[in-house]
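Participant: take this sequence and fold it.
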Amino acid sequence: MPRTPKNKPEKKPLEIEIVKIDEKPEEPEIEQDDEIEKKEPEVEPVVEEKPVEKVKKIRTEKQLEQLKKAREKAILNKEMKRKQREEEESKIKAIKEKEKEVEKKKLEEKIVKKAISIKKKQIKKEAVLDEISDDETPVIVKVEKITKLNHPPQPPKSNILYFD
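Facilitator: As a prediction, the model looks like this:
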């Protein structure tokens, strides 16, 4: 049945009781003389507790045989699991070793390629130097002096005068 405002239960306001902590609960007044006379030291009787010994059930021969078989089977299962774990570990080690060998071979190949390229460059440089030294032609080096001036260049001075 769907809830509608008509059949909703009415909410009652919460009632809160305020209790002061400082106040002590009221105690019935008892005469002190009567209380002293009534109190006598209570002595508990000493009872020695002996541990209860459990009586073991006597197992039948069939139960003993089943227990022995179960223990043997548990031992065999442990050994099988240990062997499987060792085999898995050895496989993982073999895979890791192969990966390391592959990485090592790749690194060696990179090093050999780099060494070959360096050697080729060195041989080319030596061949160029040998060709230059075999030419025996003088090498002329031209050095041009460039001067920058702040003013525009003037025509060269000469002793010849031109008239229009």
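Participant: pLDDT on the longest helix seen in the chain, on average?
Facilitator: Scanning the chain for the longest helix, with DSSP state H as the assignment, gives helix 61-135. Averaged across helix 61-135, pLDDT comes to 93.
Participant: which other helices and strands contact that helix?
Facilitator: Contacts defined by 3 or more Cβ pairs under 8 Å, 6 or more residues apart in numbering; DSSP states H and E place helix 61-135 against no helix or strand at all. (C-beta placed from N, C-alpha, C; glycine too.)
Participant: near K93, how many other residues are there?
Facilitator: 10 (other Cβ atoms under 10 Å).
Participant: one more: E65?
Facilitator: Neighbourhood size, E65 [other Cβ under 10 Å]: 11.
Participant: same check on E99?
Facilitator: The tally of other residues near E99 (other Cβ under 10 Å) stands at 10.
Participant: now do the contacts for it.
Facilitator: Shown in contact with E99 (Cβ atoms under 8 Å, 6 or more residues apart in numbering): no residues.
Participant: please report how far it lies from K93.
Facilitator: 11 Å (Cβ to Cβ, to the nearest Å).
Participant: same check on E109?
Facilitator: To K93, E109 is 25 Å away according to Cβ to Cβ.
Participant: then V128?
Facilitator: For V128, the distance to K93 (Cβ to Cβ) stands at 53 Å.
Participant: and what of E65?
Facilitator: With distances taken as Cβ to Cβ, E65 is found 42 Å from K93.
Participant: how about S133?
Facilitator: S133 is 59 Å from K93, by Cβ to Cβ.
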